[in-house]
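In: This is a predicted model, with the sequence first.
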Amino acid sequence: MSNYVFVIDTNHRQLNPCTPGVARSLLNATKAAVYRRYPFTIILKKEVTGPVEPCQLKIDPGSRATGLAILQGNRVLWGAELTHRGQSIKNSLDSRRSLRRGRRGRKTRYRQPRFLNRTRPKGWLAPSLMHRVLTTMTWVNRLIKLCPIQSITQELVRFDTQVIQNPEISGTQYQQGTLYQYETREYLLEKWGRQCAYCGQEDTPLEVEHIVSRSKGGSNRVSNLTIACVSCNQKKSNRSIEDFLSGKPDLLKRIKAQAKAPLKDAAAVNATRWKLFKALKEMGLPVSVGTGGQTKFNRKQQGLPKAHWIDAAATGKDIPELEFCTCQPLLIQCSGHGTRQMCGTDKYGFPIRHRSKKKIHYGFQTGDIVKAFVTQGKKIGSYMGRVLCRKSGNFDISTKDGRVAGINHKHCTHIHKKDGYNYAF
């Protein structure tokens with residue numbers, strides 16, 4: 001089952017999403033035209049004045065990927081997973097900083113340092129963190145223009161560390177009730193990569209395990225907890241970790257270091273959650289929130305698999321039994337809009353290439369999604385993917401099977417203009 005298709009009328013009024021079959025019939029009958037490829041949207045050739053059933057947008061923010069889901073009542077009509085590029089932004093900033101420092105040392109060797117004028121506004125976030133907020137808001141605004149969304153639900157707290165027993169930052173007690181231990185277990189699963197800390201086994205039932213056993217004075221602090229498969233947990237029993245891993249010094253060192261290490265991805269989500277929440281509130285739509293423990297509890301209660309877009313659908317309090325009308329989410333990957341750096345350098349900062357100021361060649365731009373039909377030559381066939389433009393007019397196309405080089409621009413047809421994202425299913 002594919003995602004539902006968004007529908008707007010000739011006045012760009014958002015209508016109820018329809019099934020792919022209905023959209024295909026409208027297109028074949030020339031009653032509608034393709035308005036947008038990603039997400040797939042059709043525009044009717046007439047005005048529609050009837051009532052529209054409201055939809056709800058649910059968001060599961062993450063450090064590396066954000067889940068999006070659109071619901072109509074208890075029916076999940078559309079889902080997507082938005083993959084961020086926060087780490088690549090950080091790497092680019094690190095590279096720029098090193099190049100500037102090297103150039104400053106060569107060109108302005110005796111300049112006095114200046115730092116008193118480097119103030120940051122209140123609420124400032126690092127570019128790699130702000131990117132997560134901006135890309136999520138970009139897609140929220142896009143979906144609101146294409147679908148009759150009347151309310152938004154956000155998973156505001158990924159890990160509710162204030163209700164975990166004796167965490168690193170607090171001494172409060174476990175939350176009681178139906179969500180007992182859901183926050184702690186989800187925190188540990190993310191921290192240890194959802195695999196056994198001792199043998200690395202995945203896709204198996206995992207148990208919360210004390211590094212220093214309770215019988216030998218170990219506490220319930222999160223820094224003393226890990227996850228292990230049933231076999232490793234029973235083998236270790238109440239033995240000390242030094243005794244249990246006596247023949248594996250590297251593994252012992254890694255576990256001790258990882259137990260004390262902070263959760264980087266959780267910190268990124270916690271740093272951006274309120275910024276995203278305030279941006280959503282400014283849109284004027286009702287915004288409700290939920291915790292990560294509630295999301296996992298809802299998903300487990302309904303027996304749903306683990307996925308970002310499914311987590312988004314299960315976000316919130318007291319949700320009904322979900323009915324999935326799609327099982328194929330749109331996979332969105334942030335690719336950026338390229339770089340403005342005109343002079344390319346090697347790893348030492350010396351120039352090795354220069355880029356042209358012209359970006360558009362023969363009506364195409366690097367990053368456009370095109371379809372090419374080659375009828376003669378060595379590359380006969382049909383290709384679809386992102387295009388890499390060149391001044392010569394012979395382009396490269398990145399398809400799902402690999403890159404195809406030397407496709408002439410005369411064979412290419414636009415499918416989707418460059419917008420800073422890659423798409424897949």
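Out: Good, I have the coordinates.
In: Enumerate every residue touching E202.
Out: Shown in contact with E202 (Cβ atoms under 8 Å, 6 or more residues apart in numbering): R194, Q195, C196. (Each C-beta comes from the backbone N, C-alpha and C, glycine too.)
In: Go ahead and confirm the second one touches L189.
Out: In other words, Q195. No. The criterion here is Cβ atoms under 8 Å, and Q195 misses it with L189 at 9.1 Å.
In: what's the overlap in contacts for those two?
Out: The contact sets of Q195 and L189 overlap at L206, I227 (Cβ under 8 Å, 6+ apart).
In: which residues are contacting stretch 8-25?
Out: In contact with stretch 8-25 (Cβ under 8 Å, 6+ apart) are residues 2, 4-7, 26, 32, 35, 40-48, 52-53, 55, 70, 72, 77-78, 144-149, 325.
In: Just the buried residues from these, in PyMOL please.
Out: Buried members of the contacts of stretch 8-25, defined by 16 or more other Cβ atoms under 10 Å, are picked up in PyMOL with:
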select buried, resi 2+4+5+6+7+26+32+40+41+42+43+44+55+70+72+77+78+144+146+147+148+149+325
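In: can you tell me which of the contacts of stretch 8-25 are in strands?
Out: Judged by DSSP state E, the contacts of stretch 8-25 include 5-7, 32, 35, 41-44, 55, 70, 72, 77-78, 149 as members of strands.
In: so what secondary structure elements neighbour the worst-scoring helix or strand of the chain on mean pLDDT?
Out: Each helix and strand of the chain was given a mean pLDDT (mean pLDDT, DSSP states H and E); the minimum falls on helix 182-191 at a mean of 74. Packed against helix 182-191, as judged by 3 or more Cβ pairs under 8 Å, 6 or more residues apart in numbering; DSSP states H and E, are the following elements: strand 206-210, strand 225-229, helix 264-281, helix 292-301.
In: buried sites along it?
Out: Y182, E183, T184, R185, E186, Y187, L188, L189, E190, K191.
In: Assign a three-state SS to L156, would you?
Out: strand (DSSP: H, G, I helix; E, B strand; the rest coil).
In: these two touch, right, A312 and A69?
Out: Yes. A312 lies in contact with A69 (Cβ under 8 Å); the separation is 4.1 Å.
In: picking that back up, pick the one among the ones in strands among the contacts of stretch 8-25 closest to G200.
Out: Set against G200, the nearest of these by Cβ to Cβ is W78 (36.1 Å).
In: Who does the closest residue in space to that closest one that isn't next to it in sequence form a beta bridge with?
Out: Taking Cβ to Cβ, 6 or more residues apart in numbering as the measure, W78 lies nearest to I70, with 4.2 Å between them; neighbours along the chain are not counted. When bridges are called by DSSP bridges, I70 pairs up with L57, W78.
In: could you pull out the helices for the stretch 51-200 of the chain?
Out: Listed from the start of the chain, the stretch 51-200 of the chain has helices (DSSP state H, counting those that start in this stretch) covering 86-107, 127-146, 182-191.
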